[in-house]
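from the sequence below, what's the structure:
(one chain, ligands or ions: 2)
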Amino acid sequence: MATDFDTIVIGAGPGGLAAAYGLAEQQRVLVVEADLWGGTCPNRGCDPKKMLYSAVAARDEARRLQQSGLDGVPTINWPELMTFKRQYTQKIPQGTRSGLKAAGIATIQGTPRFISADQLQVGDQIYRAAHFIIATGQAPVLPDIEGKQYLQTSTDFLDLSQLPPRIAFVGGGYIALELANIAVSAGAQVHIFQHNHRILRDFPEKDTQLLAAALTAKGIHFHWDTTLASVTKHQETYSLATNAGQQINVDAVFAATGRRPQLTSLALAAAGVDSTAKGITVNDHLQTSNPAIYAVGDVLAKSQPKLTPVASFEGRYVAQVILSTDVKAIAYPVIPQVVYASPEIAQVGVKLDDAKQQPQRYRILDQDVTNWYTFNRIKEATARVTTIFDRQTQHLVGAIVYSSIAEEVINYLTFLMSKQVTKRQLMQMMTAYPTPASDLTYYYG
Ligand SMILES: Cc1cc2nc3c(=O)[nH]c(=O)nc-3n(C[C@H](O)[C@H](O)[C@H](O)COP(=O)(O)OP(=O)(O)OC[C@H]3O[C@@H](n4cnc5c(N)ncnc54)[C@H](O)[C@@H]3O)c2cc1C
Ligand SMILES: NC(=O)c1ccc[n+]([C@@H]2O[C@H](COP(=O)([O-])OP(=O)(O)OC[C@H]3O[C@@H](n4cnc5c(N)ncnc54)[C@H](O)[C@@H]3O)[C@@H](O)[C@H]2O)c1
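Residues are numbered from 1 along each chain as shown. Ligands and ions are numbered 1, 2, ... in the order given. Predicted structure coming up:
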């Protein structure tokens, strides 16, 4: 039996949901989800991670204020923290699905596969639609080593009932650093194996070196230029052998070596949708090689960072493309990126290395702000803000922030960049004092 919809969305994460809600008022929409409604971000990504990070950030602040009015550093109660997190995550799948139903959007739980250019099979049911939107996100990749079956992922870490006393992470990207920082703050002995000498390769090296030093001081043991060769299980513990001939015993080992688009079960070839190992290829309207099928979010092969606001932006955009005839090519706004470690590193806009290579085009203002009132008040060990300006227009075009409040400062700078606010215009505005926002004019030099 064939059931008809205007659009079928595959995957109920931030990208798919934004598309479905954008279409719902004018179309008959079906969303198919194979696993958890809401997707990675609220179930096993950004949101649960940041709930655990809340306790870490509070503890960090108390640590910094020792001998400045606070006595004693609180300890993290992992089971309580996990209960706090689960109170939030447990409601997500059902709440997400109910929200869709309330908006008149049909929902099906199952793993779909294309059987033709306009038909999708879920179980023994076949669904036909004029348009499809693929929004299936990414899943962790495990390195192909001996003992691979003992490797866990970020999903497992974010749902640990008890914190293992000795933990290893493989990889030096966002996930390894954010989760290692949570683990060491909560009292675990933590190792990071990084196969080269560079963490967070997308961020400026100077700031990443500062972060590695800060995390080392906090107790994380970085094993540089080290590859995990094998994992052997001994009752409840694991023995890790490295290419450098080390043998390290831990209670849990997590791979954070990147994520890969989830495509295999979709039978894309049956629908004429092209993809590469990096994801689904699309044109500047997020249309795949089959013009009736679009793709949004982490599943895309794209140069933009794979983040929640980016997926949501693309979802909203594709809904417009489907509903209107003359929508322009997608134009991404500037995209801020934040690594939630202790401290945080954030960046937006023109990359520092690119700006350095074009001194005639860009002015770089690199400021050690550690002793500024805002950062001194919270006893930052080191805080830095680098701003990048277009010499011709004088507009702010890029920024890098290294501080425990980088997430806040980068958002202000992102707004100023997006609206092309000049120093003169900024001086005409007022912000509450003393706050991180009251420093903004100083970042213009
Ligand atoms: C540990 C971690 C922390 C993160 N922290 C942040 C952060 O702080 N800030 C940030 O912006 N981003 C963060 N991210 C990235 C963010 O989660 C993703 O960018 C975002 O979820 C992408 O949304 P999406 O809709 O493209 O995909 P997803 O959220 O992955 O949703 C895809 C959905 O499709 C479903 N699906 C998969 N295959 C199929 C199929 N065959 N059929 C039907 N359904 C299918 C999946 O079950 C899932 O529900 C983090 C990611 C991780 C893993
Ligand atoms: N705060 C945030 O916004 C946030 C947080 C977490 C995740 N994310 C998203 O999730 C994505 C995935 O995060 P991630 O940390 O898994 O990936 P990543 O690409 O950021 O980092 C992967 C790391 O693993 C290393 N690596 C790769 N292959 C390896 C191997 N075989 N052995 C050892 N090391 C290896 C790389 O050098 C790199 O350091 C991010 O790129 C981002 O899009 C965002």
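
closest point of the stretch 101-250 of the chain to ligand 2, which residue?
Here the stretch 101-250 of the chain gets closest to ligand 2 at one residue, residue 173, 1.9 Å apart by Cβ to the nearest ligand atom. C-beta: built from backbone N, CA, C; applies to glycine.

CA atoms only: put stretch 193-207 into PDB for me.
The C-alpha coordinates for stretch 193-207 follow below in PDB (Å, rounded to 0.1, in the frame of the first residue of the first chain):
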ATOM      1  CA  PHE A 193      46.300   9.500  23.200                       C
ATOM      2  CA  GLN A 194      46.900  11.900  20.300                       C
ATOM      3  CA  HIS A 195      48.500  10.500  17.200                       C
ATOM      4  CA  ASN A 196      50.200  13.800  16.400                       C
ATOM      5  CA  HIS A 197      51.300  16.800  18.300                       C
ATOM      6  CA  ARG A 198      48.300  19.000  17.800                       C
ATOM      7  CA  ILE A 199      44.900  19.100  19.500                       C
ATOM      8  CA  LEU A 200      41.900  20.900  17.900                       C
ATOM      9  CA  ARG A 201      43.500  21.300  14.500                       C
ATOM     10  CA  ASP A 202      40.900  23.900  13.500                       C
ATOM     11  CA  PHE A 203      41.800  26.400  16.200                       C
ATOM     12  CA  PRO A 204      44.900  28.600  16.400                       C
ATOM     13  CA  GLU A 205      47.900  26.600  17.600                       C
ATOM     14  CA  LYS A 206      49.000  29.100  20.300                       C
ATOM     15  CA  ASP A 207      45.600  28.900  22.000                       C
END
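
could you check whether it is close to ligand 1?
No. Applying Cβ under 6 Å from any ligand atom, one finds stretch 193-207 separated from ligand 1 by no less than 13.5 Å.

name the surrounding residues that touch that stretch.
If you take Cβ atoms under 8 Å, 6 or more residues apart in numbering as the criterion, stretch 193-207 is touched by 168-174, 176-177, 192, 208, 211-212, 222-228, 240, 242, 305, 337, 339, 345, 347, 351-353, 384, 386, 400, 402.

surely the residue of the stretch 101-250 of the chain closest to ligand 2 meets residue 255?
No. Here residue 173 lies out of contact with residue 255, judged by Cβ atoms under 8 Å, at a distance of 11.0 Å.

which one of these two has more residues nearby?
Shown here are residue 173 and residue 255; by other Cβ atoms under 10 Å, residue 255 has more neighbours (25 against 18).

nearest residue to that one other than its sequence neighbours?
In space, not counting the residues next to it along the chain, residue 255 is nearest to residue 151; the distance is 4.4 Å by Cβ to Cβ, 6 or more residues apart in numbering.

residues touching the one you found, list them.
142, 143, 145, 170, 231, 253, 254, 255.

what about the fourth one, how many residues nearby?
Meaning residue 170. If you count neighbours by other Cβ under 10 Å, residue 170 ends up with 25.

need the pLDDT of it.
Looking at residue 170, its pLDDT reads 98.

identify the bridge partners of it.
The partner list for residue 170 in beta bridges (DSSP bridges) reads residue 193, residue 255.

and what of residue 238?
Counting by DSSP bridges, residue 238 forms beta bridges with residue 233, residue 250.

wait, it sits on residue 247?
No. Applying Cβ under 8 Å as the test, residue 238 and residue 247 come out as separate, 11.0 Å apart.

higher neighbour count, those two?
The neighbour comparison of residue 238 against residue 247 (other Cβ under 10 Å) goes to residue 238, with 21 against 9.

OK, contacts around that one?
Residue 238 touches 147, 150, 231, 232, 249, 250, 251, 252, 253, counting by Cβ under 8 Å, 6+ apart.

mark which of the contacts of residue 151 are buried, thanks.
Neighbour-count burial (16 or more other Cβ atoms under 10 Å) applied to the contacts of residue 151 gives 142, 143, 145, 170, 231, 253, 254, 255.

how close does the residue nearest to residue 255 sit to residue 396?
Look at residue 151 and residue 396: by Cβ to Cβ, to the nearest Å, they are 42 Å apart.

enumerate the residues of this protein near ligand 1.
10-16, 32-36, 39-41, 45-46, 49, 111-112, 135-137, 154, 175, 262, 265-266, 297-299, 306-309, 311.

from the residues you listed, which are also near ligand 2?
Among those, proximity to ligand 2 is found for 175, 306, 307 (Cβ under 6 Å from any ligand atom).

neighbour-wise, give me the winner out of the residues you listed.
residue 175 (24 neighbours).

follow-up on the earlier one: I'd like to know which of the contacts of stretch 193-207 are buried.
For the contacts of stretch 193-207, buried by 16+ other Cβ under 10 Å: 168-174, 176-177, 192, 208, 211-212, 222-223, 226, 228, 240, 242, 337, 339, 345, 347, 351-352, 384, 386, 400, 402.

which of the residues you listed fall in helices?
Cross-referencing the buried ones among the contacts of stretch 193-207 against helices under DSSP state H gives 174, 176, 177, 208, 211, 212, 352.

the second one contacts residue 157, correct?
Which is residue 176. No. Using Cβ under 8 Å, residue 176 makes no contact with residue 157, being 10.1 Å away.

shared neighbours of these two, anything?
residue 254.

wait, isn't residue 137 in contact with residue 15?
Yes. At 7.4 Å, residue 137 counts as touching residue 15 under the criterion of Cβ under 8 Å.

who has more neighbours out of those two?
The neighbour comparison of residue 137 against residue 15 (other Cβ under 10 Å) goes to residue 15, with 33 against 26.

distance-wise, check the more buried one relative to ligand 2.
Using Cβ to the nearest ligand atom, to the nearest Å, residue 15 is found at 13 Å from ligand 2.

and what of residue 278?
12 Å.

over to residue 65?
Distance from residue 65 to ligand 2, by Cβ to the nearest ligand atom: 26 Å.

and that residue, how far from residue 384?
Note on residue 65: its distance to residue 384, by Cβ to Cβ, is 21 Å.

outside of stretch 92-106, which residues touch it?
Residues from elsewhere that reach stretch 92-106, judged by Cβ under 8 Å, 6+ apart: 5, 12, 17, 20-21, 24, 28-31, 33, 36-38, 42-43, 107.

and it, average pLDDT?
Here the average pLDDT along stretch 92-106 is 98.

off-centre distance for stretch 255-274?
Relative to its chain's centre, stretch 255-274 lies at 19 Å (Cα atoms, centre = their mean, to the nearest Å).
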